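Undergrad: the following comprises the amino acid sequence and a computationally predicted model.
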Amino acid sequence: MKCFVTGASGFIGANLVHELVARGHRVKVLVRATSELRGLRGAEFERVEGDVNQGALLQAAMRGCDWCFHAAASYHLWLPDYRPMYAANVEGTRTVLNAAAAAGCARIVYTSTVGCIGLPKLEDGGLVPSDETSPVGEAQMSNPYKRSKWQAEKVARQLAKEGRPIVIVNPSAPVGPRDVKPTPTGQVVVDFLNRAMPAYLDTGLNYVHVRDVALGHILAAEKGRVGERYILGNAEGNWTLKESFRVLETITGLPGPKVRIPYLVAWAAACVDETVSRFTGKPPRAPMAGVRMAKYKMFFSPAKAIRELGLTQTPPTQALSDAVEWFRQNGYVKR
């Protein structure tokens, strides 16, 4: 297949390009002139310079492509002005999906997020992981990033109803190699390795190997039902942050943080941090959006993707081990 990938310089996008190339697909990627392409090293691809709001350029570049993967997104938990984020995530999504359909792509895979899935429910003293049917509304979108992705997913769903061949995937918390920036989850690993995390919040994530997420995109193009969404996660990956630290301790031999920060203390510190940022223009180290999201354990079930797509299930321990190895080999560990 000939494939077009937006967001190819990002964590998921770069791993997706490598997996597509490894399977013999031809790949064309959309990048900016200033994009950091370190995650794409070693992969063969055709480069198109531009952005997600250039409809005519996109349609011309996608002509002749069989599959389009729209993985590009503006992911920031704090910005002095959120309008560019909405322009990229909402209107950019509309532009890319329409361009792909007009160009004749037979399958279009849109990368959403589990942030657009309803939160887990407490039953009989335990959390029941959410699935694609868990009720959710825009009122639950607690920050501009989540709201912009929620609005973008609504665009994708509507276009699918109108006949565009769109499949939606919702990755949970990917971990693994090529996390160049790194992502917030990857930064936790980097901070752990650098002994820069003295304390932690009582939160939780669904950890999944980024390779499984990349393969999940390909499986969605091959087998996904138009208009459906699929959680790309790991059935054994619902861990609290404390549990993930125990795994990292085993992998690295380093001690993890032992002090748990009360939520209200973290919230107050984030308020101060963001107040300072309004004057300095520099992003806060602990943005309010991150603290609000950490109030909930983001546990999810990928059963639908496993059943319908055949989503691979690499052990989350391996995902963290591969992330540690990549960060160590690429200069992220300072101590």
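TA: Great, that's in hand.
Undergrad: so what secondary structure elements neighbour the helix or strand bottoming out on mean pLDDT in the chain?
TA: Taking mean pLDDT, DSSP states H and E as the measure, the helix or strand of the chain with the lowest value is helix 288-294, at a mean of 73. If contacts are counted by 3 or more Cβ pairs under 8 Å, 6 or more residues apart in numbering; DSSP states H and E, helix 288-294 sits against helix 144-161, helix 263-280. To be clear about C-beta, it is placed using only N, CA and C from the backbone, and glycine gets the same treatment.
Undergrad: now those as CSV including distance to Leu215?
TA: Converted to CSV, those look like this (distance: least, Cβ to Cβ, whole Å):
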stretch, distance to Leu215
helix 144-161, 21
helix 263-280, 35
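Undergrad: want to throw those helices into JSON lines with mean pLDDT and distance to Lys295?
TA: Shown next, in JSON lines, are the helices and strands packed on helix 288-294 (pLDDT from 0 to 100; distance: least, Cβ to Cβ, whole Å):
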{"stretch": "helix 144-161", "mean pLDDT": "96", "distance to Lys295": "13"}
{"stretch": "helix 263-280", "mean pLDDT": "75", "distance to Lys295": "6"}
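Undergrad: which one of those lies closest to Tyr86?
TA: helix 144-161 (5.0 Å; Cβ to Cβ).
Undergrad: how about the helices in the stretch 1-150 of the chain?
TA: 11-22, 55-62, 83-86, 92-103, 144-161 (DSSP state H, counting those that start in this stretch).
Undergrad: wait, which of those is closest to Arg328?
TA: helix 11-22 (17.3 Å).
Undergrad: for that closest one, buried residues please.
TA: Buried residues in helix 11-22, defined by neighbour count with 16 or more other Cβ atoms under 10 Å: Phe11, Ile12, Gly13, Ala14, Asn15, Leu16, Val17, His18, Glu19, Leu20, Val21.
Undergrad: just to revisit the earlier point, now the least confident helix or strand of the chain, how far from the centre of its chain.
TA: In terms of Cα atoms, centre = their mean, to the nearest Å, the centre of helix 288-294 is found 16 Å from the chain centre.
Undergrad: same question for stretch 232-243.
TA: So, by Cα atoms, centre = their mean, the centroid of stretch 232-243 is 15 Å from its chain's centroid.
Undergrad: over to stretch 304-324?
TA: Its chain's C-alpha centre and that of stretch 304-324 lie 14 Å apart, by Cα atoms, centre = their mean.
Undergrad: now the helices and strands packed on helix 288-294 as CSV including mean neighbour count and distance to Glu46?
TA: Converted to CSV, these look like this (neighbours: other Cβ atoms under 10 Å; distance: least, Cβ to Cβ, whole Å):
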stretch, mean neighbour count, distance to Glu46
helix 144-161, 20, 25
helix 263-280, 14, 39
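Undergrad: on that earlier part again, please identify the buried residues of the least confident helix or strand of the chain?
TA: Result for helix 288-294 [16+ other Cβ under 10 Å]: buried residues Met288, Ala289, Gly290, Val291, Arg292, Met293, Ala294.
Undergrad: same deal with stretch 207-220?
TA: So stretch 207-220, judged by 16+ other Cβ under 10 Å, has buried residues 207-220.
Undergrad: out of the helices and strands packed on helix 288-294, nearest to Pro257?
TA: In terms of Cβ to Cβ, the element of the helices and strands packed on helix 288-294 nearest to Pro257 is helix 263-280, at 13.3 Å.
Undergrad: okay, now the unreliable bits of this protein?
TA: 288, 335 (pLDDT under 70).
Undergrad: so what sits opposite Arg260 in the bridge?
TA: Beta-bridge pairing of Arg260 under DSSP bridges involves Tyr200.
Undergrad: oh, I was asking about Pro174
TA: Bridge pairing for Pro174 - DSSP bridges - gives Val208.
Undergrad: report the contact partners of it.
TA: Phe11, Ile12, Thr183, Thr185, Val208, His209, Val210, Val213, Ala319 (Cβ atoms under 8 Å, 6 or more residues apart in numbering).
Undergrad: in JSON lines: those residues, plus distance to Ser148.
TA: Converted to JSON lines, these look like this (distance: Cβ to Cβ, whole Å):
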{"residue": "Phe11", "distance to Ser148": "18"}
{"residue": "Ile12", "distance to Ser148": "17"}
{"residue": "Thr183", "distance to Ser148": "17"}
{"residue": "Thr185", "distance to Ser148": "19"}
{"residue": "Val208", "distance to Ser148": "22"}
{"residue": "His209", "distance to Ser148": "26"}
{"residue": "Val210", "distance to Ser148": "22"}
{"residue": "Val213", "distance to Ser148": "20"}
{"residue": "Ala319", "distance to Ser148": "27"}
